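*Asks:* give me coordinates for this.
(chains A, B, C, D, E and F)
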Protein chains: 6
Amino acid sequence: MIMEKKDISQVLPATVKALTKCNVSSVLAECQHDGEPMPSGRVLSDVVDLVRAIVFPGFFGDAYKDDNTLEYRTGLCIAKVYDLLCEQIQAGLCFANADCDCKSERRKKAKNMAVEFIESLPELRRRLLTDVVAMYDGDPAAKSYGEIISCYPAIKAIGNYRMAHKLIEIGVPLIPRIISELAHSETGIDIHPGAQIGDYFAIDHGTGVVIGETCIIGDHVKLYQGVTLGAKSFPVDENGIPIKGIPRHPILQDNVIVYGNSTILGRVTIGKDAIIGANIWLMEDVAPGTKVVQKKNI
Amino acid sequence: MIMEKKDISQVLPATVKALTKCNVSSVLAECQHDGEPMPSGRVLSDVVDLVRAIVFPGFFGDAYKDDNTLEYRTGLCIAKVYDLLCEQIQAGLCFANADCDCKSERRKKAKNMAVEFIESLPELRRRLLTDVVAMYDGDPAAKSYGEIISCYPAIKAIGNYRMAHKLIEIGVPLIPRIISELAHSETGIDIHPGAQIGDYFAIDHGTGVVIGETCIIGDHVKLYQGVTLGAKSFPVDENGIPIKGIPRHPILQDNVIVYGNSTILGRVTIGKDAIIGANIWLMEDVAPGTKVVQKKNI
Amino acid sequence: MIMEKKDISQVLPATVKALTKCNVSSVLAECQHDGEPMPSGRVLSDVVDLVRAIVFPGFFGDAYKDDNTLEYRTGLCIAKVYDLLCEQIQAGLCFANADCDCKSERRKKAKNMAVEFIESLPELRRRLLTDVVAMYDGDPAAKSYGEIISCYPAIKAIGNYRMAHKLIEIGVPLIPRIISELAHSETGIDIHPGAQIGDYFAIDHGTGVVIGETCIIGDHVKLYQGVTLGAKSFPVDENGIPIKGIPRHPILQDNVIVYGNSTILGRVTIGKDAIIGANIWLMEDVAPGTKVVQKKNI
Amino acid sequence: MIMEKKDISQVLPATVKALTKCNVSSVLAECQHDGEPMPSGRVLSDVVDLVRAIVFPGFFGDAYKDDNTLEYRTGLCIAKVYDLLCEQIQAGLCFANADCDCKSERRKKAKNMAVEFIESLPELRRRLLTDVVAMYDGDPAAKSYGEIISCYPAIKAIGNYRMAHKLIEIGVPLIPRIISELAHSETGIDIHPGAQIGDYFAIDHGTGVVIGETCIIGDHVKLYQGVTLGAKSFPVDENGIPIKGIPRHPILQDNVIVYGNSTILGRVTIGKDAIIGANIWLMEDVAPGTKVVQKKNI
Amino acid sequence: MIMEKKDISQVLPATVKALTKCNVSSVLAECQHDGEPMPSGRVLSDVVDLVRAIVFPGFFGDAYKDDNTLEYRTGLCIAKVYDLLCEQIQAGLCFANADCDCKSERRKKAKNMAVEFIESLPELRRRLLTDVVAMYDGDPAAKSYGEIISCYPAIKAIGNYRMAHKLIEIGVPLIPRIISELAHSETGIDIHPGAQIGDYFAIDHGTGVVIGETCIIGDHVKLYQGVTLGAKSFPVDENGIPIKGIPRHPILQDNVIVYGNSTILGRVTIGKDAIIGANIWLMEDVAPGTKVVQKKNI
Amino acid sequence: MIMEKKDISQVLPATVKALTKCNVSSVLAECQHDGEPMPSGRVLSDVVDLVRAIVFPGFFGDAYKDDNTLEYRTGLCIAKVYDLLCEQIQAGLCFANADCDCKSERRKKAKNMAVEFIESLPELRRRLLTDVVAMYDGDPAAKSYGEIISCYPAIKAIGNYRMAHKLIEIGVPLIPRIISELAHSETGIDIHPGAQIGDYFAIDHGTGVVIGETCIIGDHVKLYQGVTLGAKSFPVDENGIPIKGIPRHPILQDNVIVYGNSTILGRVTIGKDAIIGANIWLMEDVAPGTKVVQKKNI
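*Replies:* Residues are numbered from 1 along each chain as shown, chains lettered A, B, ... in the order given. Take a look at the predicted model:
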């Protein structure tokens, strides 16, 4: 026979105490301000859903197209994005100890930032439509533009990236990273919001793609699944901590294609029209128009 | 002090106008029919959940086994799948401008297609159970069949593939691609619903697996994580657009095993009983029974 | 004109019969006990969410920090975890035909196990905070500890692993595997709960990482995306079925770094301070302090 | 010891059979058409909530006033009311075997009726605001118009009545009765939608008020709780069934007040400016300006 | 300027202590057993909804009629009612300290009671359909049987009464009272589940109707709004506490009609075919066939 | 054939314009402040549910009693009540144009008021328990205290009244009226929050009870269904508008009983121990100890 060794009624209060007393772990405490809201992945996921519904109405959000109410629905979605973003940006500013201390100034700053994001939505749609066109033109399995929008994970990943990158440009802390990780989780495509990426960007399949913070990618570039555009190494300071913000990821010029599972590391430049074959491991510049293929590996 | 530069009350109406007026982007307009429902990823995700609950009762859906009500629950689940699929197939037909223009004919066609899918459910279970057996037999970490069904992402990915492939056979447009992308997002395994795959199919770990549209895979085949069965290149038409539908992906005959992160490209044939080692990059036929391993890469 | 060939009213009852009659497939029947609850991925996902909210209050769960109610919220979250785990562990024991047949003994056993898990929560937080520190110290793109907790998928994957591993230690069947697969789906990082992993563990990007059941990993180890720590081969019994439980995965000693997409197979030992470069394929021991890099592959 | 006398597994199938076989009770069968939707109290309750939110924005629905989005919110609410009403009116027509047999004609008829209702919404608000004014002016406990709108059950009951009466005028069957019963349940005030009621109508407290189908009520009338305006008797046909539609309820001319728990029965006329005291029982005409009080009853 | 006099952070813990320490008020403690579930109005409300959907399919629950799935839906609804009732009856038995102390015996007893209730569902429908017929036949405003079922509050009140009365007969404590109060709240009709009521029972409008615990009502009886069938007085024991269970409410024989707002008090008998007019106050027997009307009260 | 006379696409924009342009009806505009939240019946209904769960744990809210977590649950419920009330009181102050104009002062004032309410919760429970005892002692149909708490609508109505009255004492505008109307809708019992009511207050059945704003009710008073304690008439100002706040409702001294459907109007005093029979209509003082019964009315 099995005895109930300890009862939950004894263990519960002790565990609660242990977890709430020692809560003041320096790591946890650093970025929490009592009584202030914190950024919420769940809310930002709603923001992403709303922006998708605004940019591609019918494909995301309510699954129908109705010209009678499009204006009303768009208006409400944008107003909702504005409200949620105001709140999340404030939380992000607070989290990052951003320059303004005063709550009401932080609120004003957040509002200005959210307004700037709202204004960029038409441009966001324009750019994403170039990506749709690029993916359709480059994939024999795609039957229509609509199939790309409905099905291709890259559209979600690049969409989140473009939102997040805009927020980086506006100066919003933390929130962009959460938004890009939402797409990473959804698609397996990990694009740092700090990267700079041109129009007509295509990713096929996509799982395992990594695009680092200081990458610069031109127009009409195409990547396949498992491609890493990473850092080779990074200088550390006197404490052995990596120095933040140094350019350390590849530059891909216009029309570059990188096939599946290839890895390009460091601040190298892959020239215009170059093609990098599958499963390549590369840490050097590649001249424009070059085709790099693997030596037989068997 | 920070000023509120522009107020949302000014920006909102302008942005709404910009997004609803220019909505008639040719890309977006192409596949939307006013007043018609569009395919919905959310609804199709419910369909997938229901089919899983039908095929593996207790493991998915309501987490219990109750013989008293199994018939009632199964009946309702199937009826629900039928209703949702009718609606989604109609939306898919409309989206794809499929051959029949008339709404009532489209409705009838959708009903016929949904009925045909419903009829195939017992066969779907039979095939998936062969996959369960294959994965149990090939994995020393698996403790029981039930663990495979409960935990292994490959069961979800292959399950969605088998549903989606059946829908392709029935002639349903678009919907199968959405269903396979749902599994891609959930598992990192990307199987194009057009591929042909035999019984007793096993995938271990699975993240990053890509199986292209024209692959043909025999019985008792096993793949590990990161394996790509892709296209090498594809002919383009006079406008530089890839020609759709040409066989361009590998054929894997019975009993083939491909280990982790290997890439097989093009319409090559991997013969019966062949074993392809890890991290291989391969664009040629492999004779039956061959074991391909990598040269030292360090 | 299209005829409705078969009506759902004919197909429905026949399909229901086919699926409920033949339900007694030996594969399905094996692990189901009539009237007993089965483990539920959905419920375990709630458990994971609650544990995250307990360990990192404000970052997960309710997105705010409020010292007034922290104790109450923590108390309720833990009580909820206890209740749900009791039920799920019972389901797991039943599923696995664990040693005790009697329902009330199974219930007692499950309670003891859940209590033991609850007691380990403060230690779980301590260990996860070492992982946070490791990831912050090793990543030039990370701006704060809080960014790691909020955004980095590895925190979710390692968190689930540490929960699941504790449950393995306690002797809970099946449930740990479901918990680790929840993180696999969310992050693309597949850590078997049987693996042994030290403090200050870091994974960057993470998609495609596979860590096998019998891996042993020291302190201050760091892995990049796509790294496989897998088995080379495994002995089979006289029926060709793999023998379960044999050590077959790598040992990584303290301070080892493995760069992106490298594969280490078999019971090999990677010595202290060794560095394995990107895209390496490795099946041999590596001496402490060694740096392994790839030969040029182009 | 208590034995389990019968098991649910025996009783369940028998009871299901009994309830589904004999389902073809003539009473139930009469108004159900297989495959056709039926009117739904739950959906109509949503319609009522939406109309309240349209008519009194901020007081019902989203609890805030925001001029930026009022137009969008109103637009969407009305579009939603239209959609739900189309569906419910169709169900009502089908239920009532209304004159048109053909489904597509029924659909058109329902659309026309719903459009007509939508057009009447501004007038609905105008009338309800007169009721608000009347209740404010007549109640020393009321502190503001807003308190009337927020709190007074009579606003809900009269609001539902005015919607339902409009639908009666348009010719919609059944739906109006369901709408008025929703308010009856919510407030205890039972106003038949067939009654004719003028502007500036006030009910205080209201529980137990009954206003019959053929009542005619002027402007500036006020009723207190428990007032019945009912029928005295009604002629029956040769089968003893009451003849439908005969005028049989009181007429109250302008400015009439009826105090609590009084009962007025039959097609009597209560003249202009008459006052009927509390707990009166009355079956005769009352001349204009008369004040009717009870004799001492103790 | 207004000061924050006391902070919630001081008041909260003190109030929590006050409410949880003194929780052992003898009144509250009496009927609570630690760790045992208590009866839940919310769950019983779901039971009522399910029973309505079983008895009147299409009118309640899913608003459509579909013969294909009626059997499945009915089966699941009944199984759900059984599960919920088992749990609630157990809670009721525990609450009432019913005769069996042992938990597993209580469970068996509850199962037997729930099975008995399930078996009575077809009879419940038969009786409720007689009530529908009675209300249709007696109301000139009713357009169809379906209108009665959809709209008339009396159907809900009598339905709940008939369920609750059956549970009383089976011996279930407390639960019947909660079920009848759910209808009281919904309709303003308060029928004690202990009352005995025949077939073809009609209530018009209904608000304010009170039917006491020991009433006996024959077939074809009709009541109007505000009718009280109450107790005149009741003997008290030596402590001044009313003696429970003594017959103290009226008996109404077949075909009796009681018009609006009349009050009948005490164990009097209203004979067959008697008619009691509106606003009557009555504490004596009434001979069969008598018509009682009020003297002029003005 | 039926034509679609007007299309919704024409009617929708016109109706939206009509409703949003003329929105500046003076009645609606009076109590709305742009951008400020308004009181919400839905939120206040949640507050009521939480307070019930705090005062009667196990009977309301989560239906179980668990001493392990009672403190945590109570703490969280109270914290939630505090948050919601702060917000609702602010909305109420804003709505009523209460004395402080400045938003931050209004916020402070609301916090103080909410804290004061929180502090009164233990006293609220004490008083409600006296009401429970009174109702148990006076009702032969009541089987236990617990039955009173679980089932009797009067507990809900008196509970809401006691909350609302406390808020009136604290000086909160509007919110108390909404809270009392929530109970009115739920129970048919209409108690104005301004009334003053002693301990051990009992209401039986309750539908139709009305207790006016300036009533004063002693201890151990009992009312039956349909009792009105109302105003006879009220002085009007020079514009014919009733003067607010004048004492105009009855005073009931200790131990008074009023039986069903009786009406007492005006500022009369019903002396200690008096009993008022059923269906009485009364506008005069009643001496202590008197028993008032109706003359025969037939």
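
*Asks:* can you tell me the SS state at whichever residue of the stretch 101-250 of chain A sits closest to chain B?
*Replies:* When scored by Cβ to the nearest Cβ, the stretch 101-250 of chain A has A:G146 as its residue closest to chain B, at 3.2 Å. No exception for glycine: its C-beta is placed from N, CA and C like everyone else's. Under DSSP: H, G, I helix; E, B strand; the rest coil, the three-state class of A:G146 is helix.

*Asks:* you'd agree it is up against A:F59?
*Replies:* Yes - A:G146 is in contact with A:F59 according to Cβ atoms under 8 Å; the separation is 7.3 Å.

*Asks:* burial count for the residue of the stretch 101-250 of chain A closest to chain B?
*Replies:* Residues lying near A:G146 (other Cβ atoms under 10 Å in any protein chain shown) number 24.

*Asks:* which per-residue confidence value corresponds to A:G35?
*Replies:* pLDDT recorded at A:G35 is 66.

*Asks:* let me fix that, I meant to ask about A:K244.
*Replies:* At A:K244, pLDDT is 78.

*Asks:* isn't it right next to C:A141, touching?
*Replies:* Yes - using Cβ under 8 Å, A:K244 is in contact with C:A141, at 7.3 Å.

*Asks:* of all residues in the stretch 151-298 of chain A, which one is closest to chain D?
*Replies:* Nearest residue of the stretch 151-298 of chain A to chain D, counting by Cβ to the nearest Cβ: A:I170, 21.1 Å away.

*Asks:* so who does A:H205 touch?
*Replies:* Contact partners of A:H205, counting by Cβ atoms under 8 Å, 6 or more residues apart in numbering or on different chains, are A:P153, A:Y224, A:Q225, A:G260, B:D190, B:V210, B:T228.

*Asks:* the fifth one and A:T187: what is the separation?
*Replies:* B:D190 sits 10 Å away from A:T187, going by Cβ to Cβ, to the nearest Å.

*Asks:* overlap in contacts, these two.
*Replies:* Residues touching both B:D190 and A:T187 (Cβ under 8 Å, 6+ apart): A:T207.

*Asks:* tell me which of A:K244 and C:A141 has more neighbours.
*Replies:* Set side by side, A:K244 and C:A141 show more neighbours around C:A141, with 19 against 13, by other Cβ under 10 Å.

*Asks:* what's the helix or strand for that one?
*Replies:* For C:A141, there is no enclosing helix or strand under DSSP states H and E.

*Asks:* does it touch A:A195 like I think?
*Replies:* No - C:A141 is not in contact with A:A195 according to Cβ under 8 Å; the separation is 10.6 Å.

*Asks:* name the residues contacting each of those two.
*Replies:* Counting by Cβ under 8 Å, 6+ apart, the residues touching both C:A141 and A:A195 are A:G212, A:E213.

*Asks:* quick one on the thing from earlier: count the residues that sit near the residue of the stretch 151-298 of chain A closest to chain D.
*Replies:* Using other Cβ under 10 Å: A:I170 sits among 17 other residues.

*Asks:* now swap in the one 5 residues further on and tell me
*Replies:* By the other Cβ under 10 Å criterion, the neighbourhood of A:I175 contains 29 residues.

*Asks:* try the one 4 residues further on
*Replies:* In terms of burial, A:I179 registers 27 neighbours under the definition other Cβ under 10 Å.

*Asks:* now the one 5 residues further on
*Replies:* Applying other Cβ under 10 Å, we find 28 residues neighbouring A:H184.

*Asks:* ok, now A:S9?
*Replies:* Neighbour count for A:S9, taken as other Cβ under 10 Å: 12.

*Asks:* pick out the residue of the stretch 101-250 of chain A closest to chain C.
*Replies:* Nearest residue of the stretch 101-250 of chain A to chain C, counting by Cβ to the nearest Cβ: A:P242, 3.8 Å away.

*Asks:* ok, now which ones touch that residue?
*Replies:* Residues near A:P242 by Cβ under 8 Å, 6+ apart: A:F234, A:P235, A:V236, C:D137, C:G138, C:D139, C:P140.

*Asks:* and if you look at A:Y224?
*Replies:* A:I203, A:D204, A:H205, A:V258, A:Y259, A:G260, A:N261, A:A278, B:G230.

*Asks:* ok, 10 Å please
*Replies:* A:202-206, A:208-209, A:257-262, A:276, A:278, B:210, B:228, B:230, B:263 (Cβ atoms under 10 Å, 6 or more residues apart in numbering or on different chains).

*Asks:* show me the beta-bridge partners of it.
*Replies:* As for beta bridges, A:Y224 partners with A:D204 under DSSP bridges.

*Asks:* also A:I191?
*Replies:* A:I211.

*Asks:* just give the number of residues close to it.
*Replies:* Residues lying near A:I191 (other Cβ under 10 Å) number 30.

*Asks:* and what of A:M135?
*Replies:* A:M135: 24 surrounding residues under other Cβ under 10 Å.

*Asks:* ok, for A:T130, nearest residue in space, not its chain neighbours?
*Replies:* For A:T130, ignoring the flanking residues on the chain, the nearest one in space by Cβ to Cβ, 6 or more residues apart in numbering or on different chains is A:D199 at 4.2 Å.

*Asks:* for that neighbour, grab phi and psi.
*Replies:* Backbone torsions of A:D199, given as degrees, to the nearest 10, read phi -80, psi 170.

*Asks:* does it touch A:N255 like I think?
*Replies:* No - using Cβ atoms under 10 Å, A:D199 is not in contact with A:N255; the gap is 11.9 Å.

*Asks:* overlap in contacts of the two?
*Replies:* A:G218, A:D219, A:H220, A:V221.

*Asks:* quick check: the second one vs A:L252, distance?
*Replies:* With the distance defined as Cβ to Cβ, A:D219 ends up 10 Å from A:L252.
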